[in-house]
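**Q** Predicted model and sequence follow; I will ask about them next.
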Amino acid sequence: MMQILLVILIWVLPIILLRNAYFKMDKEEQQKVKSVFKQPLALFCVGLLVIGYLLSFSGIFLAIALVLHIGVTMVFIGWFTSIIVGWKIGKLNLMKSAVFILLGVLGIVVYVVIIT
């Protein structure tokens, strides 16, 4: 019972905090947030990361390995996509992107070794 309450808290608390922060913004900032979240790449990068983390923690607390694996996979895809997008728009140079991709692959290898 406690695990279910904790998982509900994990999913509901960020939603409440984001909602409160959104309503504290002025109209111009709200329009900027809306325009950013309407872009598919932003949703694909940030959305996969956030939902992946939430699923990973939910899988850990509920002791459901499939949910944990799905969450970790989503985090890796979001991480990889964010790096590629950052490199394409010029926020990251090629060397930093390569290092971050290497760290992501290393993280997946460590995850697989620890889990199996």
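**A** Structure's in. What do you need?

**Q** For the helix or strand where Thr81 lies, buried residues please.
**A** Using DSSP states H and E, Thr81 falls within helix 65-88. Buried residues in helix 65-88, counting neighbours by 16 or more other CB atoms under 10 Å, are found at 67-84, 86-87. From N, CA and C alone the C-beta is placed, and that goes for glycine too.

**Q** Run through the neighbouring helices and strands of the next helix or strand after it.
**A** Remark: after helix 65-88, the chain's next helix or strand is helix 94-115, criterion DSSP H and E. Using 3 or more CB pairs under 8 Å, 6 or more residues apart in numbering; DSSP states H and E, the elements in contact with helix 94-115 are helix 65-88.

**Q** got the angle between the helix it packs on and helix 94-115?
**A** Orientation of helix 65-88 against helix 94-115 (axes from the mean of the first three to the mean of the last three CA atoms, to 10 degrees) gives an angle of 170 degrees.

**Q** Give me the contact list for helix 65-88.
**A** 41, 44-49, 51-60, 92-94, 97, 100-101, 104, 107-108, 111, 115 (CB atoms under 8 Å, 6 or more residues apart in numbering).

**Q** where does the chain have low pLDDT?
**A** 116 (pLDDT under 70).

**Q** Pull the helix holding Thr81 out as PDB, backbone CA atoms only.
**A** Extracted in PDB, the C-alpha atoms of helix 65-88 (Å, rounded to 0.1, in the frame of the first residue of the first chain):
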ATOM      1  CA  ALA A  65      11.200  -5.000 -13.700                       C
ATOM      2  CA  LEU A  66       9.400  -4.400 -17.000                       C
ATOM      3  CA  VAL A  67       8.400  -0.800 -16.000                       C
ATOM      4  CA  LEU A  68      11.900  -0.100 -14.900                       C
ATOM      5  CA  HIS A  69      13.300  -1.400 -18.200                       C
ATOM      6  CA  ILE A  70      10.900   0.700 -20.200                       C
ATOM      7  CA  GLY A  71      11.700   3.800 -18.200                       C
ATOM      8  CA  VAL A  72      15.500   3.300 -18.600                       C
ATOM      9  CA  THR A  73      15.100   2.800 -22.300                       C
ATOM     10  CA  MET A  74      13.000   6.000 -22.600                       C
ATOM     11  CA  VAL A  75      15.700   7.900 -20.600                       C
ATOM     12  CA  PHE A  76      18.400   6.600 -22.900                       C
ATOM     13  CA  ILE A  77      16.500   7.500 -26.100                       C
ATOM     14  CA  GLY A  78      15.700  11.000 -24.700                       C
ATOM     15  CA  TRP A  79      19.300  11.500 -23.600                       C
ATOM     16  CA  PHE A  80      20.600  10.400 -27.000                       C
ATOM     17  CA  THR A  81      18.000  12.600 -28.900                       C
ATOM     18  CA  SER A  82      18.900  15.600 -26.700                       C
ATOM     19  CA  ILE A  83      22.600  15.300 -27.500                       C
ATOM     20  CA  ILE A  84      22.000  15.000 -31.200                       C
ATOM     21  CA  VAL A  85      19.600  17.900 -31.200                       C
ATOM     22  CA  GLY A  86      22.000  20.000 -29.100                       C
ATOM     23  CA  TRP A  87      24.800  19.200 -31.600                       C
ATOM     24  CA  LYS A  88      22.600  20.000 -34.600                       C
END
